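In: Here is a sequence with its predicted model. Questions after.
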Amino acid sequence: MLRKTIVPTILGSCLVGVGACSFTQSRPSVTPNSTDTTQLPGTGITVRPANSTWIEEQFTTEVVNIGLENLGYTVEAVQQLDYAALHISLANSELDFTTGFYRVGHDDYFENAGGDAKLERIEVLVPGSGQQSIMVDKVTATEYQLSNITQLQDPELAKLFDTDGDDKANLAGCQVGWNCNEVLEHFIDEYGLTNTVEQDQGVYTALLADILARHRQGKPLMFFTYSPHWVLLELKPGQEIVPLEVPFTSLPGDLQAMTEADTTIDNKNLGFPVAEQMLLANQQFVDDNPVAKRWFELVKIPVEAMNAVSLQIQDGENTPEDVRRHAEDWVAENQTLFDNWLNQARSVAN
């Protein structure tokens, strides 16, 4: 993924290193679906999960945790760290797994922590996640036949999205330090928009609050977004907002090698690579625990479920207990599928 496009920055000032920005979330335990825990393959084994401080990751972590508990494992409270520290702690066997790995943008963290010798990238955990784009409101796009970002080279068209009176379009973008901030600035330069478009930089949720206020007022909108995110339920793609395409693929830094194939979704080149959320584990842990590894491989959480939970979190259901309950509710709604995964994981021990 684009390193900090899919996830908010860490709260406060963080040191990059083992244990930097580390937080522990307490959570209730779950009774395994078995009357004899001594027969469960994970009995006597402790698992140490972690994710970043992006709270939606805690939802995915808790879904994985519930399965581990039903397999007999003792699961410690979830640790929260910044991504660099998270990878290093996993590599050093201080943690066992995380749901906070993204297959585009986190490769540098992976390699710097020791790569394949110490870590294993398991499977895509949230299929369809990691889609990124610049969105505009459908009303304006339809009226002005706006579909490509280069059309905003036209000063008159760009003025439609001017929110501060300087005759430039305001693109609600990202916080300084996020990788998407750098990418959007690169887009403005690369696609000839320096005279007509500027990126609004700041706290992402505050930028979105302004976007939603403009939407309620019926004003033109232009903003960066990613999936999963609650805003995609508030402003529905295809109905209220549509993405802008780019004329060709051009990305900065370590993403320069990306091609049009990497940035095209549904036959539209959106400029950003897809960065699906994956599960990452300590290599020694999965070598020693084939049942847990098989469980990690099986779990799949739809991006639609992530969007729904993201909106619940945005609406105030954001405590660790709330997020755990969301995970338990999702498991209950998908119990047959969940139990099938558990049976497949248990079979590895036979």
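Out: Nice, I can see it.

In: Please enumerate the strands of the stretch 201-350 of the chain.
Out: Assigned by DSSP state E, counting those that start in this stretch, the strands in the stretch 201-350 of the chain fall at 222-226, 241-243, 264-265, 268-269, 277-282.

In: which stretch among these comes nearest His87?
Out: Closest of those to His87 is strand 277-282, at 7.7 Å (criterion: C-beta to C-beta). The way it works is simple: take the backbone N, C-alpha and C, and place the C-beta from them, glycine included.

In: Which other helices and strands does the closest one contact?
Out: Here strand 277-282 touches helix 55-70, helix 83-91, strand 97-102, strand 119-126, helix 290-298, going by 3 or more C-beta pairs under 8 Å, 6 or more residues apart in numbering; DSSP states H and E.

In: Alpha carbons of that strand, as CSV, please.
Out: This file holds the C-alpha atoms of strand 277-282, laid out as CSV (Å, rounded to 0.1, in the frame of the first residue of the first chain):
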residue,chain,number,x,y,z
GLN,A,277,-4.6,-5.5,3.7
MET,A,278,-2.7,-8.7,4.5
LEU,A,279,-1.7,-10.7,7.5
LEU,A,280,2.0,-10.8,8.5
ALA,A,281,3.5,-13.2,11.0
ASN,A,282,6.7,-14.0,12.7
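
In: Let's test this: name the helix or strand in the chain with the lowest mean pLDDT.
Out: The helix or strand of the chain with the lowest confidence, counting by mean pLDDT, DSSP states H and E, is strand 23-25 at a mean of 52.

In: after it, next one along is what?
Out: The first helix or strand that comes after strand 23-25 along the chain, using DSSP states H and E, is strand 46-47.

In: Each with direction, which strands does that following strand pair with?
Out: Partners of strand 46-47 in the sheet, by DSSP bridges, are strand 74-75 (parallel).

In: And the next helix or strand past the strand it pairs with?
Out: The first helix or strand that comes after strand 74-75 along the chain, using DSSP H and E, is strand 78-80.

In: now that next one, how far from the centre of its chain.
Out: 16 Å (C-alpha atoms, centre = their mean, to the nearest Å).

In: again, but for stretch 175-183
Out: The answer for stretch 175-183 is 15 Å, by C-alpha atoms, centre = their mean.

In: which one of the helices and strands packed on strand 277-282 is the most hemmed in?
Out: Neighbour counts (mean count of other C-beta atoms under 10 Å) averaged over each of the helices and strands packed on strand 277-282 peak at strand 97-102, with a mean of 28.

In: Looking at the strands of the stretch 201-350 of the chain, spot the one closest to Asp108.
Out: The closest approach between Asp108 and any of the strands of the stretch 201-350 of the chain, judged by C-beta to C-beta, belongs to strand 277-282 at 13.6 Å.

In: other SSEs contacting the helix or strand where Cys180 lies?
Out: With secondary structure defined by DSSP H and E, Cys180 is part of helix 179-190. Applying 3+ C-beta pairs under 8 Å, 6+ apart, we find helix 179-190 packed against strand 132-137, strand 197-200, strand 222-226.

In: so where's the stretch 51-200 of the chain shaky on pLDDT?
Out: Across the stretch 51-200 of the chain, nothing is flagged by pLDDT under 70.

In: what sits opposite Ser133 in the beta ladder?
Out: The partner residues for Ser133, given DSSP bridges, come to Thr225.

In: quick one: contacts for it?
Out: Shown in contact with Ser133 (C-beta atoms under 8 Å, 6 or more residues apart in numbering): 224-226, 243-244, 270-272.

In: next one: Leu157
Out: 144, 146, 151.

In: so which of those is the most crowded?
Out: Neighbour counts for these (other C-beta atoms under 10 Å) peak at Leu146, which has 22 neighbours.

In: Three-state assignment for it, please.
Out: The three-state label given to Leu146 by DSSP: H, G, I helix; E, B strand; the rest coil is coil.

In: Buried residues, stretch 262-273. List them.
Out: For stretch 262-273, the neighbour count (16 or more other C-beta atoms under 10 Å) marks 263-264, 268-273 as buried.

In: ok, Asn65 to Glu76 distance?
Out: Taking C-beta to C-beta, to the nearest Å as the measure, Asn65 falls 9 Å from Glu76.

In: Between these two, which contacts overlap?
Out: Joint contacts of Asn65 and Glu76 (C-beta under 8 Å, 6+ apart) are 47, 49.

In: that older thread, averaging pLDDT over each of the strands of the stretch 201-350 of the chain, report the lowest-scoring one.
Out: For those, mean pLDDT drops lowest on strand 264-265, to a mean of 92.

In: which two in the buried residues of stretch 262-273 are spaced the farthest apart?
Out: Taking C-beta to C-beta as the measure, the buried residues of stretch 262-273 have their most distant pair in Lys268 and Pro273, spaced 13.6 Å apart.
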